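>>> Generate coordinates for the sequence data below:
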Amino acid sequence: MPSRHDPEGRRKQAKDAGHATYETGVPCKNGHESPRYTLTTTCVECKKDTFVRAYTKDKDAWLSRTAKWRDLNREAVNLYAKEYREKFPEKVREAVKKSAEKRRPYKAMYERARHAKKLAASICLSGRDIQDIKDIYAKAASLSKEYGIKMHVDHIVPLNGKTVCGLHVPWNLQILAQEENCSKRACLTEAAYRPTTRGIMYGKSALPWNRGKHEHRMEN
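The predicted structure follows:
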């Protein structure tokens, strides 16, 4: 039924058509000229603001409430997810593809961390150290895509070297081209004697000005 916020009855039309939101052309009480949800008539931007405030104020509490609500409404959540997959298969496939692409740089990171743990080459790291490791693996993936050359994250001091063993920590990691990393094997190089920083370390093969050399070798 038309109302002062929806004089043309767009909500009913959108609801009948199965749309999640509808346009009113009328600003909400907070001045947002955005769509509203057909189920509650809540402004989309207002909903986002509420979420951001709650999430920022206490992330753990918000996640706990969300998990609890999902547990109490598991059947409804699963039914909605099933209907959404059937109704929008293309969107679901695209979302899965994006999610896999986002996780790709970290697949090797998790595998390396498990391997290091088996070798007793891991220690308890701070949140900042873990983020540094993530940044290094993400940068290696970015360089691989940019250069068209497979980049590896290498342990400067090998985890299972013949004479010395290193740790799986951010200051023992550097980015190398696949070719150089494979030839290095579990050996020490001059990189082991360079001073380390909290930044991302690059082997010679990963530096921009050496890009052409590796492309030439790959072509030949």
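
>>> CA only for contacts and neighbour counts going forward, please
Will do.

>>> By mean pLDDT, flag the weakest helix or strand of this protein.
helix 211-219 (a mean of 46; mean pLDDT, DSSP states H and E).

>>> Check which residues of the helix or strand in which residue 52 is found are buried.
Here residue 52 sits within helix 44-57, counting by DSSP states H and E. By neighbour count with 16 or more other Cα atoms under 10 Å, helix 44-57 contains the buried residues 44-46.

>>> elements contacting it?
Helices and strands touching helix 44-57, as assessed by 3 or more Cα pairs under 8 Å, 6 or more residues apart in numbering; DSSP states H and E, are absent.

>>> Now it: average pLDDT?
For helix 44-57, the mean pLDDT works out to 88.

>>> Dump it to CSV, restricted to CA.
Extracted in CSV, the C-alpha atoms of helix 44-57 (Å, rounded to 0.1, in the frame of the first residue of the first chain):
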residue,chain,number,x,y,z
VAL,A,44,20.5,0.8,3.2
GLU,A,45,23.0,3.5,4.2
CYS,A,46,21.6,3.7,7.7
LYS,A,47,21.9,-0.1,8.1
LYS,A,48,25.6,0.2,7.0
ASP,A,49,26.2,3.0,9.5
THR,A,50,24.7,0.9,12.3
PHE,A,51,26.8,-2.1,11.4
VAL,A,52,30.0,0.0,11.3
ARG,A,53,29.3,1.6,14.7
ALA,A,54,28.5,-1.8,16.3
TYR,A,55,31.5,-3.5,14.7
THR,A,56,33.9,-0.7,15.5
LYS,A,57,32.7,-0.4,19.1
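
>>> centre of the chain versus it, how much separation?
21 Å (Cα atoms, centre = their mean, to the nearest Å).

>>> The residue positioned nearest the centre of the chain: helix or strand, and which one exactly?
Central residue of the chain (Cα atoms, centre = their mean): residue 102, 4.7 Å from the mean position. Using DSSP H and E, residue 102 sits in helix 89-118.

>>> Low-confidence regions, this protein specifically.
1-8, 188, 190-198, 204-220 (pLDDT under 70).

>>> Can you show me the helices along it?
10-17, 44-57, 59-72, 74-87, 89-118, 127-147, 178-184, 211-219 (DSSP state H).

>>> for those helices, which one sits closest to residue 154?
The minimum distance between residue 154 and the helices of the chain falls on helix 178-184, with 6.7 Å, by Cα to Cα.

>>> Report all helices and strands that the closest one contacts.
strand 151-155.

>>> what's in contact with the strand it packs on?
136-137, 140-141, 143-144, 166-168, 172-178, 181, 206 (Cα atoms under 8 Å, 6 or more residues apart in numbering).

>>> quick one, domains of the protein?
10-72, 107-219 (automatic domain parsing).

>>> Export the ones you listed to a markdown table and append columns for distance to residue 81.
Below are the domains of the chain laid out as a markdown table (distance: least, Cα to Cα, whole Å):
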| stretch | distance to residue 81 |
| --- | --- |
| domain 10-72 | 12 |
| domain 107-219 | 26 |
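
>>> which one of those is the most hemmed in?
Per residue and on average, the most neighbours among the domains of the chain fall to domain 107-219, with a mean of 16 (mean count of other Cα atoms under 10 Å).

>>> How far away from the center of its chain is it?
Between the centre of domain 107-219 and the centre of its chain there are 20 Å (Cα atoms, centre = their mean).

>>> For residue 28, which of the helices of the chain is the nearest?
Using Cα to Cα, the helices of the chain put helix 44-57 closest to residue 28, at 8.6 Å.
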